[in-house]
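Enquirer: requesting a structural model of the entry that follows:
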Amino acid sequence: MKATDRLNQVLDDVARAEKDAGREPGSVTVVAVSKTFGAEAIAPVIDAGQRIFGENRVQEAQAKWPALRERTPDVELHLIGPLQSNKAGDAVALFDVIETVDRDKIARVLAAEMEKQQRRPRLYVQVNTGSEPQKAGIEPTEVVRFVDACRTDHGLTIEGLMCIPPIDENPGPHFALLEKLAREAGVTGLSMGMSADFESAISFGATSIRVGSAIFGPRSKAPV
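Expert: Next comes the predicted model:
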């Protein structure tokens, strides 16, 4: 099956999940995760009408997206992987949405870069809902404090929260936790759900889902 056919299947599944959850049609944004795939794999998906894409690494995105955007300027690009402070300037220049704000240092550096470049990507705070030591993200107990600090200390507008549930656990409780934390923090965006569990995420209120393999197929082992 071609990526364009898989994209249409995902969009059909999203529409069905929205209906089953009593959500408004079109209330869930599909972020097509194109990490490790080259321009030749991404271009047909753009041509099929998809405009929102996610990448994990700043350097990889820099290598392929400027040319793709020259061809299709209205593409929206999300950073969904960990951000190192020394890449913050490049991230602000390239991405429209940064979903992985997860510590005070990153918030501070992003604020400085946004002021310097006069460019303001939309921001999400990544939450480590499973408190996994190997995973990035703010601890759930710190989310409200951190979102408030982003606003008051750094002058940042936080649009929402993002999470990646533990791979070996039922994602439902993690989605429910993220929705609860978003309400407590006073944000509306919920970036949660991937290829294997986005229908569940939609039932818990996801406003955007990050879908890679269900659109592009199995990944190569290394970035292209």
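Enquirer: okay, CA-based contacts and neighbour counts for the rest of this
Expert: Noted.
Enquirer: list of residues touching stretch 127-138?
Expert: Residues from elsewhere that reach stretch 127-138, judged by C-alpha atoms under 8 Å, 6 or more residues apart in numbering: 82, 100-103, 125-126, 139-140, 143, 146, 161-166, 174, 177-178.
Enquirer: need the buried ones from those residues selected in PyMOL.
Expert: Entered in PyMOL, the line below selects the buried ones among the contacts of stretch 127-138, by 16 or more other C-alpha atoms under 10 Å:
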select buried, resi 82+100+101+102+125+126+139+140+143+146+161+162+163+164+165+174+177+178
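Enquirer: surely His154 meets Val109?
Expert: No - the criterion here is C-alpha atoms under 8 Å, and His154 misses it with Val109 at 9.2 Å.
Enquirer: which parts of the longest helix belonging to the chain are buried?
Expert: Across the chain, the helix with the greatest residue count (assigned by DSSP state H) is helix 3-20. Across helix 3-20, burial judged by 16+ other C-alpha under 10 Å covers 3-4, 6-7, 10-11, 14-15, 17-18.
Enquirer: show me which of these is closest to Ser27.
Expert: The shortest approach to Ser27 among the buried residues of helix 3-20 belongs to Glu18, at 7.6 Å (C-alpha to C-alpha).
Enquirer: what's the first helix or strand after the longest helix of the chain?
Expert: For helix 3-20, the following helix or strand on the C-terminal side (DSSP states H and E) is strand 29-33.
Enquirer: ok, residues contacting that following strand?
Expert: 11, 50, 52-55, 78, 207-213, 215.
Enquirer: could you rerun that using 7 Å?
Expert: 52-55, 207-212 (C-alpha atoms under 7 Å, 6 or more residues apart in numbering).
Enquirer: neighbouring strands of it in the sheet, and parallel or not?
Expert: strand 52-55 (parallel), strand 208-211 (parallel) (DSSP bridges).
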